[in-house]
Structure formats: structure tokens, C-alpha cells
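Novice: Okay, sequence plus prediction incoming.
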Amino acid sequence: MANLIVVCGPQAVGKMVVAESLRDKLKYNMMLNHDSIEITDRIFGFATPAQREFNAFFREKAFELAVRHNVDLIFTYVCAFEMQEEKDYLMSLHDLFTKNGGKFYFVELSADLDTRLARNETAYRMERKASKRDLEWSRSNLLDDTEKHRLNSEEGETWFENHLKIDNSDLEPDQVADRVIEAFGLVPNDKEDREYRFGV
């Protein structure tokens, strides 16, 4: 039985570093949203039809294999909460894992715009996400998506039974991870480093 933790929130809110902290504390495997994006960009070019199709296939296959092989997984995601298709997609992940005996946990991060703009330009973010190294484009993309989409849930809006929303504007990643672990009563796996963070 495999569990899935989705760490959701707008661009540069801190999903990656929170997911990494959860990975190391829980010894879960991890797939960042940018893992599939960067690989498929390199093969098929940025945001081309082939890239989009392969990106979707990459993720779908990863989730399928996690369930088949009982691999607890963390996944980061940017959600436009006003779009029904986004809810449908996340619900499909919920159903995939829970119908196979696992648990689904939805962690939603929020932070003020100034904090996100500052985090968007950190050296670590540039190192891990090649597509964000064009800072002018990245900043514009962040601002445009903030204007066009509702990137956090509204007050009282809960999509899942295990739905935890945290404002991490002034929190360190480890503090956020500890809150998640406590809130959901999560227990670390017994794994060797190479089983969940090989090559990191």
C-alpha cells in the first residue's frame, strides 16, 4: 500500500524545500513537478505539444509504478483552484492511491507575494530548476499566473479529508514538515538513503 503526499501551492512558495524536508524525515520517495518538466523540455523543447504529452505520461507512469510497487511518494504541484479539471486531476490521484489501500495527504502552502518574489530568485531554486533561470521570464510568469488564477483555496474550502493549509511566509521548511507529520500522524519508513534519495 503506497501513500501519496501532494505539496501544493503557487510558484516559489517553497514546495520543493518542504517536500525535500518531508522526504528526509519520512524516507518517502519524491517527484517534483519540475522533475518531469525539465526532462521533457530537454527532449522536446519548452511547452511544445510533444513536451506536454510526454510530461503527462511521465507523471502518470510514475504514480502507477508507485502504487504497484508500494512506494510512498511526495509530489509537488501548482493548482489553479478555480478550474474543475484541476480538482478532477487531483481527485484521480486520490482515488488511485486510496483505492489501492494507501493514504492521500494534501498539503497546501501559501505565502505573501513579496516573499514568493524573493524566493523565486534564490540560488538553490536556480540550481534545481533550469526553466527558472531566465529571471525576467520567471518573475513575469509568477505575476501573470497570480493575476489569472486562484492559486490557493479560499477560507473554509477543503477538497480532501486530509487537507492541511499552512502559511509558510515566516516558517523554515523543517518547521512546515514537522507540522505536516504531526497533523497527519505520519511514521517514517525504514529505508536506506539510496532507496529514496539516490544521487541527491
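Specialist: Now that the structure is in, tell me what you want to look at.
Novice: make it CA atoms for all contacts and neighbour counts henceforth
Specialist: Noted.
Novice: just checking, next helix/strand downstream of the helix or strand of the chain with the lowest mean pLDDT?
Specialist: Taking mean pLDDT, DSSP states H and E as the measure, the helices and strands of the chain show their lowest mean at helix 123-128, namely a mean of 77. Counting by DSSP states H and E, the next helix or strand C-terminal to helix 123-128 is helix 135-148.
Novice: Of all the residues in that next one, which ones are buried?
Specialist: Under the neighbour-count criterion of 16 or more other C-alpha atoms under 10 Å, helix 135-148 has Ser138, Arg139, Leu142, Thr146 buried.
Novice: Quick one: list the elements packing against the helix or strand following it.
Specialist: Under the assignment DSSP H and E, the closest C-terminal helix or strand after helix 135-148 is strand 163-167. Other elements packing on strand 163-167 under the criterion 3 or more C-alpha pairs under 8 Å, 6 or more residues apart in numbering; DSSP states H and E are strand 104-110.
Novice: mean confidence score for the helix or strand following the strand it packs on?
Specialist: Sequence-wise, the next helix or strand downstream of strand 104-110 (DSSP H and E) is helix 113-119. When pLDDT is averaged over helix 113-119, the result is 96.
Novice: For the remainder of this discussion, apply numbering that starts at 74.
Specialist: I'll keep to 74 as the first residue from here, and by that count the last item is helix 186-192.
Novice: so how far is helix 186-192 from its chain's centroid?
Specialist: Taking C-alpha atoms, centre = their mean, to the nearest Å, one finds the center of helix 186-192 at 18 Å from the center of the full chain.
Novice: Go through the longest helix along the chain and flag the buried ones.
Specialist: The longest helix of the chain (DSSP state H) is helix 122-141. Buried residues in helix 122-141, counted by 16+ other C-alpha under 10 Å: Gln124, Arg125, Phe127, Asn128, Phe131, Arg132, Phe136, Ala139, Val140.
Novice: chain center to that helix, what's the gap?
Specialist: Helix 122-141 sits 15 Å away from the centroid of its parent chain (C-alpha atoms, centre = their mean).
Novice: Then stretch 171-181?
Specialist: Counting by C-alpha atoms, centre = their mean, stretch 171-181 is centred 14 Å from the centre of its parent chain.
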